[in-house]
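1. sequence plus predicted model, see below.
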Amino acid sequence: MNNILKTIVEKEKAQVNTELAQAGQESGRRDFLKKAALGGIALGGMIGASIEDTVAFSTQNVKRASSPSELKITDLRMAGRIIKIYTNQDIYGLGEIRDGSDPRFALILKSRLLGRNPCNVEMIFKVIRQFGYHGRQGGGVSGVEMALWDLCGKAYNVPAWQLLGGRYRDKIRLYADTPDTGGPDVIEAGIRKRMNEQGFTWLKMDLGIHLIKPENIVNKNFWDGAVRQFGDASNYMAYAMREHPYTQVQITEKGCEELAAIVERIRNVVGYEIPLSTDHYGHFDINNHIRMGKALEKYRLAWLEDATQWYNFDDLRTIKNALETPIITGEDIFGLRGPGLALGFKDLIDAKCVDIIHPDLATSGGLLETKRIGDYAQDAGIAMAMHMAGTPVCLMANVHCAAATENFLALEHHNPDTAWWESMVKMTGKEPMIEKGFANVPLDSPGLGIELNEDVVRENHVRRGGMWEPTEEWNSKNSHDRLWS
């Protein structure tokens, strides 16, 4: 062992001296090493070696084009939902705001970032977290946090999962939505494609009132607009904007039988080895949801998602206690402890009202905060699946977090049928992004392990504005942010 270490140290000394000679520096090897940050390698094996040799060994994998301790953020720009954070050195970080979010949620943070060292991720998160909130309002803080980990990983030349404490797995199980329109034959053909061609081993389907004959829905004609999960968001009083207890829309027994028949047909196709999750039932009260849940119970669904608003802990607990099918929620929650004094994942978990938590990393606070959420849930005996409907930038941020979180189950992949989607980025390591229903964890590339294919992003993703346009109007910080006196 000592001979191996001696060989490594001598090799490191020679490399450093060569670099110093090439740079024309005269301050000596000790000053050079002083500027380099430790690369995170365990130092136990170097006991007995000099301080100088220990530092040389532990920095052997640090990217010497970057001096991490001297990094500073110089700019933040956007391309659609994708964030790019620039530095005073030749590295940058990529992140992404939540689908359906506003770029201004990220831009408002720029003045709080300029001049800071991006490797101080936790400290910066504490500076900006007060500007995050539930739903899409969490997109800015979460997207910036993703970009900081990408930057930090590139600075130290290690994958983001390594900075989170290491990995539990090399591949991330993905779950994909099944088609829910076009009739039973089209839906069945889509499901067979998911399994046989794309290799998915976990599926999810939208299962709600949009699949039921109108005569089997009660109180549907009162509402202005379609009685379905999503609708006109600009109409505050539309059905799609009403919280679940306040619609008095119900599904008849025949309607429940219709849904059961659909699930039975799908189960006959996929069998019982593949987990089958469900979502998007419609907005109705917990009595109606329990009746629907009981009609579906024999099909052993993996979960019922967002049966009511996530903050209705008592209602969620009532549904959970009434059904054998697992209950899951969380895609709209920001933070383990929530923004300010508001509710967060901690409250949801402590209330013991769900079987599985379901954070969306682009809302929940980014990689480290989502790992903390998963770890807290594990201590309470609760597993974690992950919601994701973004670009490959967001997917890869999720992959690193999932690799580092022990109680992880599966990650959503929303675009398996979009031909150009994967080509938005180029993997910087040897492995492809996705193989047969699993995402590969980057083992040999730093940060998130990706670079943008800017032509594809420009053509397919940037629908308003341009690519990386200047954002100087967001440079000035004009408020006193402290929340206490």
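-> Sure thing, it's come through.

2. quick one: residue 250 and residue 256, what's the gap?
-> 10 Å (Cβ to Cβ, to the nearest Å). (C-beta placed from N, C-alpha, C; glycine too.)

3. residues near the nearest residue to residue 190 once chain neighbours are set aside, how many?
-> Leaving aside its chain neighbours, residue 190 sits nearest to residue 179 (3.6 Å; criterion: Cβ to Cβ, 6 or more residues apart in numbering). Per other Cβ atoms under 10 Å, the neighbour tally for residue 179 reads 17.

4. wait, residue 121 sits on residue 147?
-> No. At 9.9 Å, residue 121 does not count as touching residue 147 under the criterion of Cβ atoms under 8 Å.

5. what ranges in the chain fall below the confidence cut-off?
-> Residue ranges of the chain with pLDDT under 70: 1-65, 224-226.

6. quick one, domains of it?
-> Domain ranges of the chain: 2-58, 68-159+467-474, 171-450, per automatic domain parsing.

7. which residues touch residue 348?
-> Counting by Cβ atoms under 8 Å, 6 or more residues apart in numbering, residue 348 touches 310, 313, 329, 330, 333, 354, 357.

8. and these as CSV, adding secondary structure?
-> Formatted as CSV, the contacts of residue 348 follow (DSSP: H, G, I helix; E, B strand; the rest coil):
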residue, secondary structure
310, coil
313, helix
329, strand
330, coil
333, coil
354, coil
357, strand
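
9. just name the closest of the residues you listed to residue 133, please.
-> residue 333 (10.2 Å; Cβ to Cβ).

10. residue contacts, that closest one?
-> 134, 310, 343, 344, 345, 348, 359, 363, 364.

11. next, work out how far apart it and residue 369 are.
-> 11 Å.

12. and residue 185, by the same measure?
-> Relative to residue 369, and taking Cβ to Cβ, residue 185 is found at 44 Å.

13. please apply the same query to residue 246.
-> 32 Å.

14. where do the helices sit along the stretch 151-300 of the chain?
-> For the stretch 151-300 of the chain, the helices defined by DSSP state H, counting those that start in this stretch occupy 160-163, 184-192, 253-270, 286-296.

15. who touches residue 145 in this structure?
-> Contacts of residue 145 by Cβ under 8 Å, 6+ apart are 95, 121, 124, 125, 365, 366, 367, 368, 369.

16. turn those into a markdown table, including distance to residue 141, secondary structure and neighbour count.
-> Output for these, formatted as a markdown table (distance: Cβ to Cβ, whole Å; DSSP: H, G, I helix; E, B strand; the rest coil; neighbours: other Cβ atoms under 10 Å):
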| residue | distance to residue 141 | secondary structure | neighbour count |
| --- | --- | --- | --- |
| 95 | 10 | strand | 30 |
| 121 | 12 | helix | 21 |
| 124 | 10 | helix | 21 |
| 125 | 7 | helix | 20 |
| 365 | 6 | coil | 28 |
| 366 | 7 | coil | 27 |
| 367 | 12 | helix | 29 |
| 368 | 12 | helix | 20 |
| 369 | 9 | helix | 27 |
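
17. quick one: which of those residues is nearest residue 228?
-> For those, the residue nearest residue 228 by Cβ to Cβ is residue 365; the value is 30.2 Å.

18. is it true that that closest one touches residue 137?
-> No. Residue 365 is beyond contact range of residue 137, at 11.9 Å (criterion: Cβ under 8 Å).

19. okay, and the common contacts of these two?
-> Residues touching both residue 365 and residue 137 (Cβ under 8 Å, 6+ apart): residue 334.

20. what's the separation between residue 353 and residue 318?
-> Distance of residue 353 to residue 318, computed by Cβ to Cβ: 9 Å.

21. so for the two, which sits in the more crowded spot?
-> Higher neighbour count among residue 353 and residue 318: residue 353, with 21 against 18, using other Cβ under 10 Å.

22. what about the more buried one, which SS state?
-> Per three-state DSSP, the local secondary structure of residue 353 is coil.

23. how about it, phi and psi?
-> phi -110, psi 0 (degrees, to the nearest 10).

24. what sits against it?
-> Contact analysis of residue 353 by Cβ under 8 Å, 6+ apart lists 313, 314, 316, 317, 320, 327.

25. hmm, try it at 6 Å
-> Going by Cβ atoms under 6 Å, 6 or more residues apart in numbering, residue 353 touches 313, 316, 317, 320.

26. again with residue 266
-> Residue 266 neighbours (Cβ under 6 Å, 6+ apart): none.

27. that one and residue 296, how far apart?
-> Residue 266 is 11 Å from residue 296, where distance means Cβ to Cβ.

28. cool, residue 92 as well?
-> Distance of residue 92 to residue 296, computed by Cβ to Cβ: 47 Å.

29. what do you get for residue 281?
-> 10 Å.

30. between the two, which one's more packed in?
-> residue 281 (25 against 20).

31. so the more buried one touches residue 208, yeah?
-> Yes. If you go by Cβ atoms under 6 Å, residue 281 and residue 208 touch, sitting 3.8 Å apart.

32. which residues do those two both contact?
-> If you check residue 281 and residue 208 against Cβ under 6 Å, 6+ apart, no residue is contacted by both.

33. and stretch 124-139, which residues are buried?
-> For stretch 124-139, the buried set under the neighbour-count rule, 16 or more other Cβ atoms under 10 Å, comprises 124, 125, 128, 129, 131, 132, 133, 134, 136, 137, 138, 139.

34. of all residues in this structure, which one is nearest the centre?
-> residue 361 (3.0 Å; Cα atoms, centre = their mean).

35. so what's that residue up against?
-> Applying Cβ under 6 Å, 6+ apart, the residues contacting residue 361 are 370, 397, 398, 401.

36. make a markdown table out of those residues and add distance to residue 220 and secondary structure.
-> Putting those into a markdown table (distance: Cβ to Cβ, whole Å; DSSP: H, G, I helix; E, B strand; the rest coil) gives the following:
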| residue | distance to residue 220 | secondary structure |
| --- | --- | --- |
| 370 | 38 | helix |
| 397 | 40 | helix |
| 398 | 37 | helix |
| 401 | 40 | helix |
